[in-house]
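[1] sharing a model that was predicted from the sequence below.
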Amino acid sequence: MGACICKNKANQCHADGHAHGASSNSQSRTGRAEAQTIPHVNRSHQPSGQGHRRVTGSSSSRRESQRNVDSLVLETLSLIRTLVDNEQEPPQAMVQLQKVAEKETGWLEVVRSLILSIPLDNPLGPAVITLLLDECPLPTKEAISELHRNLGLSCRGPCDEYKSVCCQRNICVMVGCLAEKLAGPNSVSLLSKELLGYLVHNLDKSCAEVVVLHSIVALEKFSQTSENKVTINKSLQSKEPNPLVVLEEWWKDPSQLRWEVGFCARWCLDNLFLAEGRTYSYENEDLSAINVMLNSNDVSEYLKISADGLEARCDASSFESVRCTFQVDRGVWYYEVTIITAGVMQIGWATKNSHFLNHEGYGIGDDEFSLAYDGCRQLIWYHAESKPHLHPCWKPGDTLGLLLDLDKQQLVFSLNGDCLPPFHQLFTYTRSGFFAAASFMSYQQCAFNFGSKPFKFPPKDVEFKSFNDHGNLTAEEKIILPRYKKLDFIKNILVKEDSCTLCFDNPANIVLLPCQHMGFCQKCALQLETCPICRKHIKERKQVPVDLECSNLEDEAPS
Amino acid sequence: MAGLPRRIIKETQRLMAEPVQGISAVPDESNSRYFHVVVSGPADSPYEGGVFNLELFLPEEYPMSAPKVRFMTKIYHPNIDRLGRICLDILKDKWSPALQIRTVLLSIQALLSAPNPDDPLANDVAEQWKINEMQAIHTAKQWTKEFAMGPGQ
């Protein structure tokens, strides 16, 4: 389950003290005393700066309110691990932050706090920045120009207060999120010359890797506005060599952070910022030994898949999921995953009945047709409910082993060879039709091995098969096209004119009774209770010969 | 293109071939279920002259469930809240799979022409609209000027 906060709920505090590890994280990097005290209960309900003791002089009361915002940010960070249930209320701290951010000065305080207090070593840090900004109102033009002034960006970096690697990472994450939220002119005005110069300047192997990484992601998000995309492209192309082409070399580097940088640089070069003379990754990849991949047609929309089909990454604020291409129905099967980022991923097994509801925060392990391992929150997920497991938190470089024994009807997860006791719940409703599957929170990435390379921790006491030995993909099926190339295809697909006006997949051979409206196929008609045209209740769905069909949707007449 | 339903392909083709006046909906290059939408403020409304950005997303169940639409540009309107969420019946219980992206966007444009403070999403705005409509319209015009008339527009 992703940390998706239902916005319409009443507010209630859920500080249940289950925030393992988070308080120790919050102390270290910021080095400020107040960061260590995270009050859990009975905080004043007024927005900051109003209900507090009057302190003499406005600057000290300003500091006071900033401190208050800082502690709310850290509290949210510590609680976010415990938000395992979508029905759960958002933490009080988060609701208070939302209130603070309603005012322009408050919004700026929240942003300042995100930059200064989110520590570098908490794997959920960047995801929390995304989550909090997503909950806050959009900034005004004034707030954006004030933000620019505060950051004091130039090629040499931000102002002195924000010079640390941690602050710079947070700035990049923050501007990326804002770019994603703002559209059109506002996104263009956010990407000032200074900010663009700063982000592009960061694309250098001599910069801190984590800053390079989030600069790439921020540029990617800015490029959602086409005007920005042109500007960024120009800026990248004016450099010789193209900085992304240099960074792309880091893909699969033994340092996972460099690996991430390489992956993102490569993805941008294939999908957004094409470099002259560079061929697409999919054209260079040797896929002859690969018989099973992540399925680029069975994936939620924002997940990035590498050209070899074995690696996935999410940089969106939603909870993205994917299944592999190969289905297993009987026998014993094993695959491995290399953890590249230590945040929330739910990796396991799912049938086709498992739905990817990325925007609602549901993924693998969140229904009765899938079960998943979460090594960040140390949970096993099934049916959207979680149970703690005994493994330590996973770290970049760890290997997760996943064994599916359909004969004994059990699942075994191992971390670097250390096995958990078997799980059986998944077989309550389903006995066959399983796929390897995974879900990813923001900024998470991992690499799959379905058997095209030797396993690191093969199960010892059981005979198992690997997907790759039994899978089969045609050369065409192995191609993972850059997404914009897929769009070109759309224009050229022909749709038959006598097809169903709802799905355009099947012939329209049903008349609805009593209203007599036509233009629907059986599959769609069965999903309807009322007529889509007149909203009359449907009593009967009658089959009619297709050639008598006439389209009822004036809007869908042949064009 | 097994991944993208024909219905979405068909609508996309048509949106590109025959755009609606005052509305543009362009599929995202990296995600064909996500559309970048621009709606011009209707003439004779407080939003006239403004250019509003929206995002439109077609969920997995589309067209059996409604598209998700949100204003990205700040707007002062009783049926649109500060997060850009829209209170419009056809996006909720009155959704019909016979409706389409273009009809949804036309309805949203019509909502800008005819705010409905009796069915509010933004309570404070709706209240203002009822108590002092002149003032509310004035604010809406100001917001339009401030947030919806960016550089180059």
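    Looks like it came in fine.

[2] I'd like the next helix or strand past the strand or helix carrying residue A:149.
    Assigned by DSSP states H and E, residue A:149 belongs to helix A:141-151. Sequence-wise, the next helix or strand downstream of helix A:141-151 (DSSP H and E) is helix A:165-181.

[3] any stretches of chain A with poor pLDDT?
    Counting by pLDDT under 70, chain A contains low-confidence residues at A:1, A:3-60, A:83-88, A:183-184, A:483-484, A:486-496, A:546-559.

[4] which residue does it have closest to chain B?
    For chain A, the residue closest to chain B is residue A:185, as judged by C-beta to the nearest C-beta, at 2.2 Å. All C-beta spots, glycine's among them, are computed from the backbone N, C-alpha and C.

[5] neighbours of that residue, just the number please.
    Using other C-beta atoms under 10 Å in any protein chain shown, residue A:185 has 21 neighbouring residues.

[6] show me which positions of stretch A:511-518 end up buried.
    Using 16 or more other C-beta atoms under 10 Å in any protein chain shown as the test for burial, stretch A:511-518 gives A:511, A:512, A:515, A:517, A:518.

[7] repeat for stretch A:338-351
    A:338-351.

[8] dump the residues you listed to a markdown table, plus distance to residue A:271 and secondary structure.
    Listed next are the buried residues of stretch A:338-351 as a markdown table, based on distance: C-beta to C-beta, whole Å; DSSP: H, G, I helix; E, B strand; the rest coil:
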| residue | distance to residue A:271 | secondary structure |
| --- | --- | --- |
| A:338 | 23 | strand |
| A:339 | 24 | strand |
| A:340 | 19 | coil |
| A:341 | 20 | coil |
| A:342 | 26 | coil |
| A:343 | 23 | coil |
| A:344 | 24 | coil |
| A:345 | 22 | strand |
| A:346 | 25 | strand |
| A:347 | 24 | strand |
| A:348 | 28 | strand |
| A:349 | 29 | strand |
| A:350 | 26 | strand |
| A:351 | 30 | coil |
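
[9] got a markdown table for those residues, with distance to residue B:82 too?
    Below are the buried residues of stretch A:338-351 laid out as a markdown table (distance: C-beta to C-beta, whole Å):
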| residue | distance to residue B:82 |
| --- | --- |
| A:338 | 42 |
| A:339 | 39 |
| A:340 | 37 |
| A:341 | 33 |
| A:342 | 35 |
| A:343 | 29 |
| A:344 | 28 |
| A:345 | 32 |
| A:346 | 32 |
| A:347 | 37 |
| A:348 | 38 |
| A:349 | 41 |
| A:350 | 37 |
| A:351 | 41 |
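
[10] what's the helix or strand where the residue of chain A closest to chain B lies in contact with?
    Assessed by DSSP H and E, residue A:185 sits inside helix A:184-190. For helix A:184-190, contacts defined as C-beta atoms under 8 Å, 6 or more residues apart in numbering or on different chains pick out A:138, A:141, A:144, A:175, A:178-179, A:182, A:222, A:224-225, A:227-228, B:38, B:51, B:53, B:72-73, B:147, B:150-153.

[11] got the residue ranges for the strands in chain B?
    If DSSP state E is used as the criterion, the strands of chain B fall at B:23-28, B:31-40, B:51-57, B:68-71.

[12] any idea which residue sits dead centre in chain B?
    Closest residue to the average C-alpha location of chain B: residue B:108 at 4.6 Å, with C-alpha atoms, centre = their mean.

[13] contacts only, for it.
    Counting by C-beta under 8 Å, 6+ apart, residue B:108 has contacts B:39, B:54, B:69, B:86, B:88.

[14] picking up where we left off before, what angle do the helix holding residue A:149 and helix A:165-181 make?
    For helix A:141-151 against helix A:165-181, the angle by axes from the mean of the first three to the mean of the last three C-alpha atoms, to 10 degrees is 160 degrees.

[15] which of the residues in helix A:141-151 are buried?
    Buried residues in helix A:141-151, defined by neighbour count with 16+ other C-beta under 10 Å: A:143, A:144, A:146, A:147, A:150, A:151.

[16] kindly report the same for stretch B:100-119.
    The neighbour-count check on stretch B:100-119 (16+ other C-beta under 10 Å) flags B:100-102, B:104-109, B:111-112, B:115, B:117 as buried.

[17] do stretch B:78-98 as well
    Quick answer for stretch B:78-98 (16+ other C-beta under 10 Å): B:78-88, B:91, B:95-98.

[18] what do you get for stretch A:390-407?
    Neighbour counts over stretch A:390-407 (16+ other C-beta under 10 Å) mark A:391, A:394, A:396, A:398, A:399, A:400, A:401, A:402, A:403, A:404, A:405, A:406 as buried.

[19] how about TSV for the strands of chain B, with mean neighbour count, distance to chain A and mean pLDDT added?
    Converted to TSV, the strands of chain B look like this (neighbours: other C-beta atoms under 10 Å in any protein chain shown; distance: least, C-beta to the nearest C-beta, whole Å; pLDDT from 0 to 100):
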stretch	mean neighbour count	distance to chain A	mean pLDDT
strand B:23-28	19	6	88
strand B:31-40	21	4	89
strand B:51-57	21	4	93
strand B:68-71	20	7	93
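
[20] of all the ones you listed, which one is nearest residue A:326?
    Nearest to residue A:326, of all the strands of chain B, is strand B:31-40, at 25.1 Å by C-beta to C-beta.

[21] which elements pack onto that closest one?
    Strand B:31-40 sits against helix A:483-492, helix B:6-17, strand B:23-28, strand B:51-57, helix B:101-113, with contacts defined as 3 or more C-beta pairs under 8 Å, 6 or more residues apart in numbering or on different chains; DSSP states H and E.

[22] any chance of these in TSV with distance to residue A:410 as columns?
    Listed next are the helices and strands packed on strand B:31-40 as TSV, based on distance: least, C-beta to C-beta, whole Å:
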stretch	distance to residue A:410
helix A:483-492	38
helix B:6-17	40
strand B:23-28	42
strand B:51-57	38
helix B:101-113	46
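
[23] out of these, which is closest to residue A:70?
    Evaluated over the helices and strands packed on strand B:31-40, closeness to residue A:70 peaks at strand B:51-57, with 31.4 Å, by C-beta to C-beta.

[24] mind checking how far that closest one is from the chain centre?
    On the basis of C-alpha atoms, centre = their mean, to the nearest Å, strand B:51-57 sits 6 Å off its chain's mean C-alpha point.

[25] that strand packs against which elements?
    Strand B:51-57 sits against helix A:184-190, strand B:31-40, strand B:68-71, helix B:101-113, with contacts defined as 3+ C-beta pairs under 8 Å, 6+ apart.

[26] what count of nearby residues applies to residue A:543?
    Residues near residue A:543, counting by other C-beta under 10 Å: 10.

[27] if we can go back for a sec, out of the strands of chain B, nearest to residue B:7?
    Residue B:7 lies closest to strand B:31-40 among those, at 11.2 Å (C-beta to C-beta).

[28] which of the helices and strands packed on strand B:31-40 sits closest to residue A:463?
    Closest among those, using C-beta to C-beta: helix A:483-492, at 40.3 Å.

[29] what's the next secondary structure element after the closest one?
    Following helix A:483-492 in sequence order, the next helix or strand is strand A:510-513 (DSSP H and E).
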